[in-house]
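S.K.: fold the following, please.
(chains A and B)
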Amino acid sequence: MNEIVVISLPQLLFALLFIVIAQWTSLAWHLGLNRDITVGTLRTVSQLFLMGYVLTFIFKAESLPLTIGIFLVMVVSAVFIVKGWVKEKEVAYLAPTFLTMLCCYFVTALFVSRAVVGVTPWWEPRYFIPTAGMVIGNSMSALAISIERLFTQMRQQREVIEMKLSLGADYREASGEFFRSAVKAGMIPSINAMMGVGLVFIPGMMSGQILAGTDPLVAIRYQIVVMFMLVGSTAVSSIIVMLIVRRRCFGSGEELLLTPR
Amino acid sequence: MLLSLKDVVFSYGGSAAGPLVLERLDLSVEKGDFILIRGASGSGKSTILRLICRLQTPTAGTILFRGEPVVTIKPSLLRSLICYVPQVPVMVDGSVADNLLLPFSFESNRSRQKPSILQLQSMLERFYLGDIPPENSAQKLSVGQKQRLALMRALLHGPELLLLDEPTSALDRESADMVFSIIERLNTEEGKTIVLVTHSDYSPQVPRTKRYQLLNRRLEPA
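M.R.: Next comes the predicted model:
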C-alpha cells in the first residue's frame, strides 16, 4: 500500500496524450497557442529533469555553499521573471525587490526548516530548498501583481495624486488608496488559496506526498505549515517591497516621477 | 519678498542636454501681488507654476519662498502654503463637502481650523455655487462648477500663495467671467497673492497687477 509506484518512461510518454489534446483544441478553435504549448511542454520536461538531477546531486552533496548558491539562483530567477511581467523604465524597482526577496525568503525558509520542522543543520537541502522554492514561487507572483498594479494605477490616476499633493498631502497620503489596492491585489490569491484548500483543491505539495506514500495526516501538517508560511512571507515581502517601490515613484520633492505613457 | 525665482532653467530629462523649456528665468513676487503670465500654448507657463510648488524640479537656478530655498522646506508643508490649481479641475469620488474638506485630512493641514457646514454653505454662495447642496456628488457638477469648487478648496486651508493654471480654459464666457471675478476679489478684498498663467487675452482689473509675457523661454515684462 505504501510502496511508491514509479512512473516508467513509456508511461510518461503516454501522458503526452494530454498535450496532444491541448494542441488539437488550439488548432480546432484557432487559438494560436500551438507554439506556446510546444515550448511550454519542452521547458517543463527539460527544466524538471534538470531540477531532478540537480536536487539529487545537492541532496547527496549536503553542502552549505551549494544550498545557498541554489537559493540565490532561485531568487535571481524570480527577480528576472518579475522584470518580465513589470515593464517599467522610469522607476528603479529591481534592486530593492531583489534584496527584500533575498532577506524575506531566507528568513522564512530558515524559520520553517529550523523552528517549525526542526531539522539539523538548518540548511538541510531536502527541507530548505523545497521550502524556499514554494515561498519564492508564490510570493513572486504576488509581488509582480502588486508592483504592476501600483505603477499602472499611479500612472492612470496621476492627476488625482498631483491634486492631493498640491493641497498639502505627503506622498504617502497622496498615493495611499493605490498602494493599498495594489498590495491587496497581490495578496488575494494567497488568501483565496487558504479558503479553498482541502475543499476545492488538494495542494501540489500534499498531493505529491500522498502519491509518494506519506500518511495523509502527516502530509496535512506540512501543508498547513506551508499555507501559513506562504501567506506570511507574501504579506511581509509585499509590504516591504511596495513601501520601497512607492517611495521611488516620487522624487526628493515628493513629486510624482511616473509620466503619462 | 514672498517668492523669487533666480536664473531658473528647465529642460526635459533633468539635464542641460534635454530639450530646453525655460531659460534663465527671473521673477519676484511680493505679498498681495497679482502676477499675470501670458504665453502661447506649450510655451512652458504651467511648468513655471509646477516648479514653484516642486511638482517638477528645475534643471538649474534657485527658487526662494519667504527667503528660504524651496528645496529646504518639507514638500507637504510648502504645498500647504503655496497651492497649485491645475487647468483641469480634479475631484475625488464623494460629495461636494468631502471634496472641500479633503485638504484637512492631510497631516500638514490638520492643525488648521476646519470650516463648518454653515461656513461652507456661505462660501459656496460667494463662489456662485449657492444652489448646490454640500451633500451632492461632486463628480456630477459641470466643468465650470468644478473649477470654482477647486478654487474654493484651494483656499479653505489658507495658503499664502495661489498658483492658477489656465483657470478658465475649458469654460464658456459666462463661467469664465464668474471665475475671474472671484479671483480678482480674492486679491483685492482678501489680499491673496496670485500667480495666474493664461494664453487668453484676459486683463485683470486689480491695482497690483504685474504683467509678464513668456517668450522664447524667457519672462519679459509686458
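S.K.: just the helices in the chain please.
M.R.: This is for chain A. For chain A, the helices defined by DSSP state H cover A:9-14, A:16-28, A:34-61, A:64-85, A:94-110, A:125-156, A:158-166, A:171-196, A:204-211, A:216-248.
S.K.: ah, I was thinking of chain B
M.R.: Using DSSP H, helices in chain B cover B:45-52, B:75-81, B:96-101, B:117-126, B:143-156, B:173-188.
S.K.: show me what the longest one is packed against.
M.R.: For helix B:173-188, the helices and strands in contact under the criterion 3 or more Cβ pairs under 8 Å, 6 or more residues apart in numbering or on different chains; DSSP states H and E are helix B:143-156, strand B:193-198. No exception for glycine: its C-beta is placed from N, CA and C like everyone else's.
S.K.: follow-up on the earlier one: how about the helices of chain B in TSV, adding mean pLDDT and mean neighbour count?
M.R.: Formatted as TSV, those follow (pLDDT from 0 to 100; neighbours: other Cβ atoms under 10 Å in any protein chain shown):
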stretch	mean pLDDT	mean neighbour count
helix B:45-52	96	24
helix B:75-81	97	22
helix B:96-101	96	21
helix B:117-126	91	14
helix B:143-156	93	21
helix B:173-188	90	16
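S.K.: which one, of these, ends up nearest to A:Val76?
M.R.: Ranking the helices of chain B by their distance to A:Val76 (criterion: Cβ to Cβ) puts helix B:75-81 first, at 35.8 Å.
S.K.: is chain A contacted by that closest one?
M.R.: Yes: counting by Cβ under 8 Å from any Cβ of the partner chain, chain A has neighbours in helix B:75-81: B:Pro75, B:Ser76, B:Leu77, B:Arg79, B:Ser80.
S.K.: check contacts around the third one.
M.R.: The neighbourhood of B:Leu77, defined by Cβ atoms under 8 Å, 6 or more residues apart in numbering or on different chains, consists of A:Gly168, B:Ser108.
S.K.: list the contacts of the residue in the stretch 101-250 of chain A that chain B sits nearest to.
M.R.: In the stretch 101-250 of chain A, the residue that lies nearest chain B is A:Gly168 (3.2 Å; Cβ to the nearest Cβ). Contact partners of A:Gly168, counting by Cβ under 8 Å, 6+ apart, are B:Ser76, B:Leu77, B:Arg79, B:Ser80, B:Cys83, B:Pro103, B:Phe106, B:Ser108, B:Asn109, B:His157.
S.K.: was I right to think the last one contacts B:Ser111?
M.R.: No: using Cβ atoms under 8 Å, B:His157 makes no contact with B:Ser111, being 10.2 Å away.
S.K.: roughly how far apart are the closest residue to B:Arg24 other than its chain neighbours and chain A?
M.R.: Setting aside the residues directly before and after it, B:Arg24 is nearest to B:Asp7 in space (Cβ to Cβ, 6 or more residues apart in numbering or on different chains), at 5.1 Å. From B:Asp7 across to chain A, the span is 19 Å (Cβ to the nearest Cβ, to the nearest Å).
S.K.: likewise B:Leu156?
M.R.: In this structure, B:Leu156 and chain A are 9 Å apart, going by Cβ to the nearest Cβ.
S.K.: OK, contacts around that residue?
M.R.: Counting by Cβ under 8 Å, 6+ apart, B:Leu156 has contacts B:Leu100, B:Leu101, B:Pro103, B:Phe104, B:Pro115, B:Met123.
S.K.: and chain A, which of these contact it?
M.R.: B:Pro103.
S.K.: which one of the contacts of B:Leu156 is nearest chain A?
M.R.: B:Pro103 (4.2 Å).
S.K.: ok, the closest one touching B:Asn109?
M.R.: Yes: using Cβ under 8 Å, B:Pro103 is in contact with B:Asn109, at 4.9 Å.
S.K.: center of chain B, which residue is that?
M.R.: B:Leu163 (2.2 Å; Cα atoms, centre = their mean).
S.K.: what residues does chain A have near chain B?
M.R.: When proximity is defined by Cβ under 8 Å from any Cβ, chain A lies next to chain B at A:159-160, A:162-171, A:173, A:251-256.
S.K.: restricting to C-alpha, output stretch B:126-138 in CSV.
M.R.: Included here for stretch B:126-138 are C-alpha records, laid out as CSV according to Å, rounded to 0.1, in the frame of the first residue of the first chain:
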residue,chain,number,x,y,z
ARG,B,126,-19.7,83.6,-2.7
PHE,B,127,-18.4,81.3,-5.4
TYR,B,128,-21.7,81.3,-7.2
LEU,B,129,-22.4,77.7,-6.1
GLY,B,130,-25.1,78.6,-3.5
ASP,B,131,-27.7,76.4,-5.3
ILE,B,132,-25.6,73.2,-4.8
PRO,B,133,-26.2,71.3,-1.5
PRO,B,134,-22.8,70.3,0.1
GLU,B,135,-24.0,66.7,0.2
ASN,B,136,-24.4,66.4,-3.7
SER,B,137,-21.9,64.3,-5.6
ALA,B,138,-19.0,66.5,-6.8
